[in-house]
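**Q** Compute the structure for the input listed below.
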Amino acid sequence: MMATALEALARLQAGNQRFVAGQGTAAAQSAPGRRDELVTGQAPFAVVLGCSDSRVPAEIVFDQGLGDLFVIRVAGNVVAPSQIGSVEFAVDRFGTRLVVVLGHSQCGAVQATIEELKRPSANRSPNLGSIVNRIRPAVEPLVELAALDDQDGSDGLMNRAVRANIRAAADRLRHGSQILEQMITEQGLLVVGAEYSLETGEVEFFDGAPPTP
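**A** The predicted structure follows:
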């Protein structure tokens, strides 16, 4: 039986606690026997749309093994049609009921967007520009406000921009797909936004997650 959204969320939180404490157990879940089990199918208990940053591999920071997570990675954890389609595929095909948008502190794609807003570049690759342009709507108001408040370039701006980008991506998943909207309303699908701290290894679920008792 597939885990409910809240059961899956608790499982991720417990795995992250093990990771932070250096007590990971996922290696045992990736043994040859586990590989054999997965040859004929999979049943990931959560979908993670995360950043491509090499420092934030979802399976490791959540201490999960083969077949546990359906992971989609793209710079800046942006949501474009291909990412939405990948999420739709996973929740429909496997019955997964939790989707996590996982951003992280000091995100390079968010930093590139802030830099582009301050000093537009005529030489930027159009492909990289497509990522920046998806982050821009969430970040631009913060950059403008920081300039007015004389906080330009502050760590505070970067922190706020990372979270704004995560919220925007989670919101795009909740409201950018008729399939996902229907599953949220009728089938218990939960989309949450979370931030991984490069400094501590902790993942904070801050957008759309139920309050901790």
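**Q** Report the distance from the helix ranked longest in the chain to the chain centre.
**A** Among the segments of the chain that qualify as a helix by DSSP state H, the longest is helix 126-148. Distance, stretch centre to chain centre, for helix 126-148: 18 Å (CA atoms, centre = their mean, to the nearest Å).
**Q** ok and the next helix or strand after it relative to helix 126-148, angle-wise?
**A** Sequence-wise, the next helix or strand downstream of helix 126-148 (DSSP states H and E) is helix 155-175. Interaxial angle, helix 155-175 versus helix 126-148 (axes from the mean of the first three to the mean of the last three CA atoms, to 10 degrees): 120 degrees.
**Q** What lies in contact with the longest helix of the chain?
**A** With contact meaning CB atoms under 8 Å, 6 or more residues apart in numbering, helix 126-148 is reached by 74-76, 78-80, 109-110, 112-114, 116-118, 124, 152-154, 156-157, 160-161, 164-165, 167-168. All C-beta atoms are positioned from the backbone trio N, CA, C, and that covers glycine.
**Q** Report the buried residues of that helix.
**A** Neighbour-count burial for helix 126-148, counted by 16 or more other CB atoms under 10 Å, picks out 131-132, 134-136, 138-140, 142-143, 146.
**Q** So of those, which two are at opposite extremes in space?
**A** Using CB to CB, these reach their maximum pairwise distance at Ile131 and Ala146, which is 21.3 Å.
**Q** Now do the helix or strand of the chain with the lowest mean pLDDT: everything it contacts.
**A** Using mean pLDDT, DSSP states H and E, the weakest-scoring helix or strand in the chain turns out to be helix 32-38, at a mean of 87. Under the criterion CB under 8 Å, 6+ apart, residues 65-67 lie in contact with helix 32-38.
**Q** now with 6 Å?
**A** 66-67 (CB atoms under 6 Å, 6 or more residues apart in numbering).
**Q** same check, this time on stretch 189-207
**A** 5, 16, 20, 55-56, 61, 97-106, 166-167, 170, 173-174, 183, 208-209.
**Q** and if we set it to 8 Å?
**A** 5-6, 9, 12-13, 16, 19-20, 55-56, 61-62, 91, 97-106, 162-163, 166-167, 169-170, 173-174, 180, 183-184, 208-209.
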